[in-house]
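Visitor: after the sequence you'll find the predicted model.
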Amino acid sequence: MARVLVLHGPNLNLLGEREEEIYGRMTLDELNRELKEQGKAAGIEVETYQSNHEGDLIDQIHASRGRFDVLIINPGALTHYSFALCDAIRAVRLPVVEVHLSNIYSREPWRRRSVVAPAAWGQVCGFGHLSYKLALSAASNLINRKAESNDRYLP
Ligand code: DQA
């Protein structure tokens, strides 16, 4: 069975109570449950992990080598300054989909740059919880196309 890892970065554990007008009312547990259900329906096992620590997320990315087909990550504020996260993503060579609940390009100037984006295959942002679901659909698509093309990922 195909496997997708969903990583949530700093402060996303407070989803549902944190700046609800921006990030919505759904809790992280509810979101994770929905993603697992969506994955199941598509024949994908979805594992989720949240951490407030950069090094922890990097360890998870390293450990995903050979265990997952696609990585979905919302790096939270690390998006805007963590070159270490960018390097970790490049190092594992897994297809990565970057996700944001909010449209980072319509917010404060410091949020308008993602240093992770150059290492990602693509980015979904601005659709609230739907951003994650769209990212999982993209992951599912990549996995199916890989299966159809002699085990090579095609963008
Ligand atoms: C976020 C956007 C980031 O700028 C912010 O620091 C977050 C959440 C989003 O999902 O919209 O923590 O990644």
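Guide: That came in fine, so what should we check first? Numbering: from 1, shown residues only.

Visitor: from here on, contacts and neighbour counts on C-alpha atoms
Guide: Fine.

Visitor: residues making contact with the lengthiest helix in the chain?
Guide: Ordering each helix of the chain by length in residues (DSSP state H) puts helix 129-148 first. For helix 129-148, contacts defined as Cα atoms under 8 Å, 6 or more residues apart in numbering pick out 2, 4, 24, 26, 31, 35, 38-39, 42, 44, 69-70, 72, 97-101, 123-125, 152-155.

Visitor: filter these down to the buried ones, ChimeraX style.
Guide: In ChimeraX, a selection of the buried entries from those looks like this (16 or more other Cα atoms under 10 Å):
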select :2,4,24,31,35,38,39,44,69,70,72,97,98,99,100,101,123,124,125,153
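
Visitor: what segments of this structure are helices?
Guide: Going by DSSP H, the chain shows helices at 20-23, 28-41, 54-63, 83-92, 129-148.

Visitor: what does the first one contact?
Guide: Under the criterion Cα under 8 Å, 6+ apart, residues 15-16, 101-102, 128 lie in contact with helix 20-23.
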